[in-house]
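**Q** I'll drop the sequence and a predicted model, then ask my questions.
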Amino acid sequence: MRRGRYWCACFSLTLIGAVSAQNLPDGEGRSTVAKVCGGCHEVSIVASQKMSRPEWADLVDQMMDKGAKATEKEVQTILDYLSTHFGKK
């Protein structure tokens, strides 16, 4: 019974991440943002923000401190994507 609940929870999180990615503009890094950021919250939260690259970097650092998991390369990809698509104009 426990194994079934675990599988269901994993499947649900994967499905949520896939659906959430649809809310993001196309571009290099979209899947990384959906995977890393969407692992904890809806990516629509990300899409509603407009910040400079240093502001995004501070926010990503905060999220990493709270438990977000990403390699250094993924963090740079995330920052490039967020700065390009959700940067201050």
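**A** Structure's in. What do you need? Residues are numbered from 1 along each chain as shown.

**Q** Report the central residue of this protein.
**A** Residue closest to the average C-alpha location in the chain (CA atoms, centre = their mean): residue 37, at 2.0 Å.

**Q** mind listing what it touches?
**A** Applying CB atoms under 8 Å, 6 or more residues apart in numbering to residue 37 gives the contacts 43, 46, 63, 68, 78. (Glycine included, C-beta is placed from N, CA and C.)

**Q** would you list those residues in a markdown table and tack on distance to residue 27?
**A** Below are the contacts of residue 37 laid out as a markdown table (distance: CB to CB, whole Å):
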| residue | distance to residue 27 |
| --- | --- |
| 43 | 13 |
| 46 | 13 |
| 63 | 20 |
| 68 | 20 |
| 78 | 12 |
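
**Q** now residue 24, what's its secondary structure?
**A** coil (DSSP: H, G, I helix; E, B strand; the rest coil).

**Q** and the gap between it and residue 65?
**A** 23 Å (CB to CB, to the nearest Å).

**Q** more crowded one of these two?
**A** residue 24 (22 against 8; other CB atoms under 10 Å).

**Q** Number of residues surrounding the spatially closest residue to that one that is not a sequence neighbour?
**A** Nearest residue to residue 24, sequence neighbours excluded (CB to CB, 6 or more residues apart in numbering): residue 30, at 5.0 Å. Residue 30 has 17 neighbours, counted by other CB under 10 Å.

**Q** likewise residue 38?
**A** If we define neighbours as other CB under 10 Å, then residue 38 has 23 of them.

**Q** The one 4 residues further on now?
**A** The number of residues packed around residue 42, counting by other CB under 10 Å, is 15.

**Q** Spit out the contact partners of residue 88.
**A** Contacts of residue 88 by CB under 8 Å, 6+ apart are 50, 51, 52, 55.

**Q** Show me what the second one is bridged to.
**A** Each beta-bridge partner of residue 51 is listed here, defined by DSSP bridges: residue 87.

**Q** Correct me if wrong: it contacts residue 89.
**A** No - the criterion here is CB atoms under 8 Å, and residue 51 misses it with residue 89 at 11.2 Å.
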